[in-house]
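Participant: after the sequence you'll find the predicted model.
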Amino acid sequence: MKYHCTPATDLHELLGTEGEQGFEYGPLATALKNGEELVLEASHQLSRLTIAKIMALLHGLFIVETEETLYASPGFRLVLH
């Protein structure tokens, strides 16, 4: 899956948000959960802090809204492009 980053892209956008139908997984949480490749296009526009947080989350991600912990499934790959 590909996701185009902008200077306004933040961690919540990549992880997901609470929506009308419940929690809606963002591209990073979806890729982790499903073992997919995630290409963050224009990743140079992300802040250094956001990139550092993404890297830390790759070792385990707890989603408060769903009370689940996601770990990288086999096949998961993150590409900063």
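Facilitator: Received the coordinates, thanks.

Participant: can you list the weak-confidence ranges in this structure?
Facilitator: The chain contains no residues with pLDDT under 70.

Participant: roughly how far apart are residue 6 and residue 68?
Facilitator: Going from residue 6 to residue 68 by C-beta to C-beta, to the nearest Å gives 28 Å. Heads up, the C-betas are built off the backbone N, CA and C, glycines and all.

Participant: now the helices for this structure?
Facilitator: Along the chain, counting by DSSP state H, helices occupy 11-15, 27-34, 48-57.

Participant: as TSV, those with distance to residue 81 would be great.
Facilitator: As requested, those are exported to TSV (distance: least, C-beta to C-beta, whole Å):
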stretch	distance to residue 81
helix 11-15	15
helix 27-34	13
helix 48-57	13
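
Participant: and the ones you listed, which is most packed in?
Facilitator: Of these, the one with the most neighbours on average (mean count of other C-beta atoms under 10 Å) is helix 27-34, at a mean of 20.

Participant: what does it rub up against?
Facilitator: Residues outside helix 27-34 that contact it (C-beta atoms under 8 Å, 6 or more residues apart in numbering): 1, 3, 14-16, 25, 36-38, 54, 57-58, 61, 63, 70-73, 76, 78.

Participant: show me those that map onto strands.
Facilitator: Residues of the contacts of helix 27-34 located in strands (DSSP state E): 3, 16, 25, 37, 38, 61, 63, 70, 78.

Participant: residue 21 versus the fifth one, what's the distance?
Facilitator: Residue 38 sits 22 Å away from residue 21, going by C-beta to C-beta.

Participant: which one of the two has more residues nearby?
Facilitator: Set residue 38 next to residue 21 and count neighbours by other C-beta atoms under 10 Å: residue 38 wins out with 22 against 6.
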